[in-house]
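Colleague: Need coordinates for the below:
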Amino acid sequence: MVAQYLLFAVIATTGCGQQTSTTADFALQRQQMVEQQLKPRGINDVRVLAAMAKVPREEFIPVNARAGAYEDGPLPIGYDQTISQPYVVAFMTEQLRPKQGDRVLEIGSGSGYQAAILAELMAEVYTMEIVGPLAKTAEATLQRLGYQNVHIKVGDGYKGWPEEAPFDAIIVTCAPENVPQPLVDQLKDGGRMVIPVGERFAQQLYLLEKKNGQLKESATLPVRFVPMLREAQKR
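Modeller: You can find the predicted model right below:
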């Protein structure tokens, strides 16, 4: 499940009236995104910035919406879901402090863009999506782009992926009302989790750090994500 959200300090723009972009145009727009949207807002991890500059976001967006691939806002990807705003993707990724040898669990594959960013930075990415057709499309896109270290599963993200646990990091792109205990259990000691928590109109993005079996939490951003669903949907 991919989040639909609205950062209070950010206004989304539209792609109306734009002409179809070429590969070179997209590469330029990608670099402009990094320089104009990410760096000025405090994203400074060089590896995260490099991943954001490399991964072709347009490939994870339906063809009819690709003209707006690098705009400062979310875009629809079907099934009432969106691909997250570039800044939010970069911010959440940076909060994880990704290391090359890490194994990460993502809850909410969506179109696969966040998983691709993580795959550039970590050894193995395990990603779960509750909407079957989205998972299938994401898997095909990731394989086509050569991401061999991403593993995708259709299922209830609340329960996590216990067969592959524990994980060095967990990232969640849908909002439960409370932090799911199964995800806490599947996070390594010393690991980090980034997760939005709360009701639809009163959510905070939290950074959770697990130390000696206990969670240290800090609020980072006010956000609005779709609620976490509990049962896999067959659409």
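
Colleague: what packs against the longest strand along the chain?
Modeller: Secondary structure assigned by DSSP state E gives strand 187-199 as the longest strand of the chain. In terms of contacts (3 or more C-beta pairs under 8 Å, 6 or more residues apart in numbering; DSSP states H and E), strand 187-199 is packed against helix 86-95, strand 167-172, helix 181-186, strand 202-211. In this view, the C-beta of every residue, glycine as well, is placed from N, C-alpha and C.

Colleague: Now these in TSV, please, with extra columns for distance to Q148, mean neighbour count and mean pLDDT.
Modeller: Shown next, in TSV, are those (distance: least, C-beta to C-beta, whole Å; neighbours: other C-beta atoms under 10 Å; pLDDT from 0 to 100):
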stretch	distance to Q148	mean neighbour count	mean pLDDT
helix 86-95	20	23	96
strand 167-172	19	26	97
helix 181-186	23	17	96
strand 202-211	29	17	91
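
Colleague: can these go into a markdown table with extra columns for distance to G101?
Modeller: Shown next, in a markdown table, are these (distance: least, C-beta to C-beta, whole Å):
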| stretch | distance to G101 |
| --- | --- |
| helix 86-95 | 16 |
| strand 167-172 | 8 |
| helix 181-186 | 18 |
| strand 202-211 | 18 |
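
Colleague: Give the pairing partners of the longest strand of the chain; include direction for each.
Modeller: Sheet pairing of strand 187-199 (DSSP bridges) gives strand 167-172 (parallel), strand 202-211 (antiparallel).

Colleague: Low-confidence ranges, this protein, go.
Modeller: Low-confidence regions of the chain, defined here as pLDDT under 70, cover residues 1-21, 200-201, 227, 231-235.

Colleague: Enumerate the strands of it by residue range, in sequence order.
Modeller: 75-78, 81-83, 103-107, 124-129, 150-154, 167-172, 187-199, 202-211, 214-223.

Colleague: Sheet partners, orientation included, of the last one?
Modeller: With DSSP bridges as the test, strand 214-223 is paired with strand 202-211 (antiparallel).

Colleague: Compute the inter-axis angle for the partner strand and helix 86-95.
Modeller: Relative orientation of strand 202-211 versus helix 86-95 (axes from the mean of the first three to the mean of the last three C-alpha atoms, to 10 degrees): 20 degrees.

Colleague: And the contacts of strand 202-211?
Modeller: 92, 95, 175, 179, 184, 187-198, 215-225 (C-beta atoms under 8 Å, 6 or more residues apart in numbering).

Colleague: Weed out the non-buried ones from those residues.
Modeller: Those of these that meet the buried threshold are 92, 95, 175, 179, 184, 187, 191-198, 221-225, by 16 or more other C-beta atoms under 10 Å.

Colleague: and stretch 75-85, which residues are buried?
Modeller: Quick answer for stretch 75-85 (16+ other C-beta under 10 Å): L75, I77, G78, Y79, Q81, T82, I83, S84, Q85.

Colleague: Select the longest helix from the protein.
Modeller: helix 132-144 (DSSP state H).

Colleague: which helices and strands does it pack with?
Modeller: Using 3+ C-beta pairs under 8 Å, 6+ apart, helix 132-144 sits against strand 75-78, helix 113-121, strand 124-129, strand 150-154.

Colleague: Packing partners of the last one?
Modeller: Helices and strands touching strand 150-154, by 3+ C-beta pairs under 8 Å, 6+ apart, are helix 113-121, strand 124-129, helix 132-144.

Colleague: in the sheet, who's paired with the nearest residue to A65 once chain neighbours are set aside?
Modeller: Spatial nearest neighbour of A65, excluding adjacent residues (C-beta to C-beta, 6 or more residues apart in numbering): L75 at 5.1 Å. Beta-bridge pairing of L75 under DSSP bridges involves I83.
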